[in-house]
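> Can you look at this prediction? I've put the sequence above it.
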Amino acid sequence: MSKPLSGKHAVVTGGARGIGAAVSRELARLGATVSVMGRERARLEQFAGALAEEFKQPAAFFEVDVARAKSVEENFRACHKQNGSIDILVNNAGISESAPFLKTSTESWSRMLEVNLNGVFYCTRQVLAPMVERGFGRVVNIASTAGLRGYRYVAAYCASKHGVIGLTRALALELTGKGVTVNSICPGFTNTDLLKNSIANVAAKSGRSIEAVRAEFLKDSRSGRFVEPEEIAIKVGWLCLTEQAGINGQELVIEG
């Protein structure tokens with residue numbers, strides 16, 4: 001089928017830039033009605049309009065701060081009212097800040113957990129009960145290889161992504177046999193604005209050049225290059241297919 005997700009409603013958090021934008025486009029290409037969520041209203045509106053125009057199907061946007069439970073509840077309610085039951089949730093919204101552990105502030109630590117981990121909790125609990133009731137649902141959490149092993153200078157980010165993977169595994173067990181799957185995708189360093197900002201931040205703090213910092217990041221890449229967002233998007237779309245009901249509680253690593 002050219003449109004295997006036709007009739008499905010997908011929500012993508014952080015859905016208008018980087019990995020999220022690529023995922024939104026892939027799900028729309030597969031036929032899903034896509035609702036993009038994020039914090040930048042102008043960007044969301046522009047991206048949703050372009051998505052609807054490109055794929056000739058409805059696309060909606062919602063201004064959401066995933067770190068605030070009330071914002072999540074209100075917007076998921078509005079999203080459900082506008083586009084119907086949510087069949088697919090891609091928890092992509094995330095942030096990254098770098099600093100040696102002893103220079104990591106309480107505020108930075110809290111931000112990492114609030115957005116990267118609490119946000120996944122807040123969003124997922126809005127969709128699971130209806131998914132179970134209907135007997136179908138796909139939750140895909142965009143984690144990171146930092147959720148599987150440690151990296152220097154991003155202890156808070158690593159901790160938050162380890163938490164996402166632990167949550168994925170626990171939910172998968174709870175939902176076994178209910179028609180709902182929960183999986184994580186763990187990209188390596190990915191060619192997005194988030195990565196560019198991280199490289200610039202490390203360069204500024206260390207006094208090294210952008211090129212030197214890029215080379216250091218690439219030392220941890222098995223393929224010698226950064227992952228492209230579209231590579232991740234294709235795998236998200238694949239996990240959302242009805243035929244992938246047997247894949248549950250897994251961490252799909254994409255790093256070459």
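All right, it came through fine. This is a predicted model, so every value here is computed, not measured.
> wait, what's in contact with the nearest residue to residue 173 once chain neighbours are set aside?
Among residues not flanking residue 173 along the chain, residue 249 sits closest, at 6.6 Å (CB to CB, 6 or more residues apart in numbering). (C-beta placed from N, C-alpha, C; glycine too.) Contact analysis of residue 249 by CB atoms under 8 Å, 6 or more residues apart in numbering lists 168, 169, 171, 172, 173, 181, 182, 183.
> Residue 185 looks like it's in a helix, true?
No - the assignment for residue 185 (DSSP: H, G, I helix; E, B strand; the rest coil) gives strand, which keeps it out of a helix.
> can you list the contacts of residue 249 in JSON lines and add pLDDT, neighbour count and secondary structure?
Below are the contacts of residue 249 laid out as JSON lines (pLDDT from 0 to 100; neighbours: other CB atoms under 10 Å; DSSP: H, G, I helix; E, B strand; the rest coil):
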{"residue": "168", "pLDDT": "98", "neighbour count": "26", "secondary structure": "helix"}
{"residue": "169", "pLDDT": "98", "neighbour count": "17", "secondary structure": "helix"}
{"residue": "171", "pLDDT": "98", "neighbour count": "23", "secondary structure": "helix"}
{"residue": "172", "pLDDT": "98", "neighbour count": "19", "secondary structure": "helix"}
{"residue": "173", "pLDDT": "98", "neighbour count": "11", "secondary structure": "helix"}
{"residue": "181", "pLDDT": "98", "neighbour count": "24", "secondary structure": "strand"}
{"residue": "182", "pLDDT": "98", "neighbour count": "27", "secondary structure": "strand"}
{"residue": "183", "pLDDT": "98", "neighbour count": "24", "secondary structure": "strand"}
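> What residues of stretch 200-212 count as buried?
201, 202, 203 (16 or more other CB atoms under 10 Å).
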